[in-house]
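Participant: The following block contains a protein sequence and its predicted model.
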Amino acid sequence: MSKLILIGASVICWEIWLCRNDMVFNKSPSFSYMLVIFRATHWLRFWAQLEDEEFLKIACRKLETTVMQLFANYGWR
């Protein structure tokens, strides 16, 4: 379980880094937290298919659902 948590945290940090690089070097507009999370879950699902980790797929769905509910209820300020 701790291995999977470490992988998830690493992927989110990696996506933050990639989005930062896009903003700095490619002059992309700023990214929302939601986009970073969905890009991270994309890579987690991709890795889960390679390793056949059903737990990661379920965790990604729950994370995406929670994020969508959070922003639907409270929105951006």
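Facilitator: Happy to help now that I have it. Numbering: from 1, shown residues only.

Participant: Mind checking the pLDDT average for the longest helix anywhere in the chain?
Facilitator: Within the chain, and with DSSP state H defining each element, the longest helix by residue count is helix 2-25. Per-residue confidence for helix 2-25 averages out to 83 on the pLDDT scale.

Participant: Buried residues in that helix, which are they?
Facilitator: 7-8, 11-12, 15, 19 (16 or more other C-beta atoms under 10 Å). The C-beta positions use only the backbone N, C-alpha and C, and glycine is treated the same way.

Participant: name the helices or strands packed onto it?
Facilitator: Under the contact criterion of 3 or more C-beta pairs under 8 Å, 6 or more residues apart in numbering; DSSP states H and E, helix 2-25 touches helix 33-51, helix 54-74.

Participant: export the ones you listed to a markdown table and tack on mean neighbour count and mean pLDDT?
Facilitator: Output for those, formatted as a markdown table (neighbours: other C-beta atoms under 10 Å; pLDDT from 0 to 100):
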| stretch | mean neighbour count | mean pLDDT |
| --- | --- | --- |
| helix 33-51 | 16 | 81 |
| helix 54-74 | 13 | 79 |
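
Participant: Same list (the ones you listed) but as CSV, adding distance to Lys3.
Facilitator: What follows is the helices and strands packed on helix 2-25, written out as CSV (distance: least, C-beta to C-beta, whole Å):
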stretch, distance to Lys3
helix 33-51, 11
helix 54-74, 11
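
Participant: wait, which of those helices is closest to Met23?
Facilitator: Relative to Met23, the nearest member of these by C-beta to C-beta is helix 33-51, separated by 11.3 Å.

Participant: Cool, thanks, talk later.
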